[in-house]
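Undergrad: curious how this folds, go ahead:
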Amino acid sequence: MRRLMRLRYLPDLTANDRSSVGDFLRKETVGGALALVAAAVAVIWANTAWGDAYFDLRHVQLGPLDLEHWAADGALTLFFFVAGLELKREFVVGSLSRLSDAVVPIVAAACGVAVPALIYAIVNLTMDGGRPEGWAIPSATDIAFALAVLAVVGSALPPQLRAFLLTLAVVDDLIVIVIIAAFYSSSLHLTSLALAAACLVAWWLLQHFRVQLWLVFIVLAVAAWWFMHESGIHATIAGVALGLLTRVRRDEGEQVSPAEFLEHQLHPLSAGFAVPVFAFMSAGVAVTGGLSLASEPVVLGVVLGLVLGKPIGVLGGSWLLCRLTRADIDDDVHWRDVAAVAVLAGVGFTVSLLVSELSFAGEAREEAKTAVLVASLTAALLAAALLGVRNRAHRVARISRDRGGHVGCVESRTDQPDAQET
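TA: The predicted model follows:
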């Protein structure tokens, strides 16, 4: 008798399947899309007749934390750990390793943090009912979303533009991480902080002496996270610190460094699980008040900071640096390209939602989150339109150069003021 074939639900993945899934999740568009879908589901659910069930779910207790705090303090720590690994790689062997290559995006990032914060502060200090303590909410750029938008609409843009955006977003996040540690941490518990620091030192020593006991590294990472959480400093700081303390340079005969290995292995988990879970647990806000929200100081400050302040800071900082010093942008990149990326930097989302959580409670926190979602979506749509125009211009110029035609000359004449400015 022929043996009946067994149907297997959720079958075991082969090595090739796992590799394919991992590669799929490493695509910049996928991580951003998953987080966007998770945020959309949360917002829709929170504003239906079953909205109470969503808020009850966020407060389900699981061990020492509820699900909302597991997402913000736990899942997002993984995201920051991967960001820390990327930061370390950029500092040691990447686009930040040479100051001459990194100075423009570094200054752009700093101005892109300062100008939105200033706009938010002005709005909330001059309006009745203002809440200036949320000044850092519009200061962050979401790496995953920004790179996802650029990947979708910017296939023909110069690769230098992606490097500019990546460096800008990485430095931007580093500055905001320092701001979180300095201004948005509760009262310090020095014993827990000392234990967290001891775990970080032990992690570095094991890296320095080339110890490869991964079980010990896992225990140290979990301990550093927990003690950082208990110290009063936001637990995500442990993630970025561990990433920055991980070895990037390869030893002789070593195919990949520990940082490269961990980034490759954990990026799918960060993009496919950690960020979507945080987006789902944090983005669900019950939108009440309709258009009246637009007059709230917190909402105005966040929206103006991300949609207006970010482009002014990023583009203005870059342009002034190139005007006042010998710094320069690449010949293949025009100022209109930089302007489009500056608008894209207004996509705050993940880190802006986190700072909203840390800044406020109650109604003000919901207002801030709503403003972050609206502003990030607005900035993404505006940037997509601008980048689409620049993408078509670069594609036409590239085709004409390949064919030896004259259309590229039109592009050159059109962008001649940009060439002179650079």
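Undergrad: who does the helix or strand harbouring L215 touch, helix- and strand-wise?
TA: According to DSSP states H and E, L215 maps onto helix 214-231. Counting contacts by 3 or more C-beta pairs under 8 Å, 6 or more residues apart in numbering; DSSP states H and E, helix 214-231 packs against helix 190-208, helix 236-244. All C-beta spots, glycine's among them, are computed from the backbone N, C-alpha and C.
Undergrad: out of those helices, which gets the lowest mean score?
TA: Out of the helices and strands packed on helix 214-231, helix 236-244 stands lowest, with a mean of 91 (criterion: mean pLDDT).
Undergrad: what's next to that one, contact-wise?
TA: Applying C-beta atoms under 8 Å, 6 or more residues apart in numbering, the external contacts of helix 236-244 come out as 73, 76-88, 174, 177, 180-181, 196, 200, 203, 221, 224-225, 227-229, 259, 354.
Undergrad: which is the next helix or strand following it?
TA: That would be, after helix 236-244 and using DSSP H and E, helix 258-269.
Undergrad: could you pull up the mean pLDDT of the strand or helix carrying G31?
TA: Following DSSP H and E, one finds G31 within helix 28-46. For helix 28-46, mean pLDDT is 82.
Undergrad: how far away from the center of its chain is that helix?
TA: 15 Å (C-alpha atoms, centre = their mean, to the nearest Å).
Undergrad: tell me where this structure is predicted with low confidence.
TA: 1-29, 95, 288-292, 404-422 (pLDDT under 70).
Undergrad: tell me what the longest helix belonging to it is packed against?
TA: Ranked by number of residues, the top helix in the chain under DSSP state H is helix 363-403. Applying 3+ C-beta pairs under 8 Å, 6+ apart, one finds that helix 363-403 contacts helix 143-153, helix 275-283, helix 297-304, helix 335-344, helix 350-359, helix 407-414.
Undergrad: could those helices go into CSV alongside distance to V389 and mean neighbour count?
TA: As requested, the helices and strands packed on helix 363-403 are arranged in CSV below (distance: least, C-beta to C-beta, whole Å; neighbours: other C-beta atoms under 10 Å):
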stretch, distance to V389, mean neighbour count
helix 143-153, 10, 23
helix 275-283, 29, 25
helix 297-304, 24, 25
helix 335-344, 8, 25
helix 350-359, 27, 26
helix 407-414, 12, 14
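Undergrad: between these, which gets nearest to K369?
TA: Comparing these by their distance to K369 (C-beta to C-beta), the top pick is helix 350-359, with 5.1 Å.
Undergrad: who's in contact with that closest one?
TA: For helix 350-359, using C-beta under 8 Å, 6+ apart, the contacting residues are 35, 72, 76, 79, 131, 133-134, 136-142, 144-145, 173, 176, 180, 184, 234, 236, 275, 278-279, 282-283, 302, 306, 365, 368-369, 372, 376.
Undergrad: where exactly do the strands run in the stretch 1-150 of the chain?
TA: In the stretch 1-150 of the chain, the strands defined using DSSP state E, counting those that start in this stretch lie at 61-62, 65-66.
Undergrad: looking at those strands, which is buried most?
TA: Mean neighbour count (mean count of other C-beta atoms under 10 Å) peaks for strand 65-66 among those, with a mean of 15.
Undergrad: separation between Q61 and F91?
TA: Counting by C-beta to C-beta, to the nearest Å, the gap from Q61 to F91 is 39 Å.
Undergrad: one more: V107?
TA: Using C-beta to C-beta, V107 is found at 16 Å from F91.
Undergrad: before we move on, the earlier item: and the helices and strands packed on helix 214-231, which is most packed in?
TA: Ranked by mean neighbour count under mean count of other C-beta under 10 Å, these are led by helix 236-244, which reaches a mean of 25.
Undergrad: report the inter-axis angle for that one versus helix 190-208.
TA: For helix 236-244 against helix 190-208, the angle by axes from the mean of the first three to the mean of the last three C-alpha atoms, to 10 degrees is 20 degrees.
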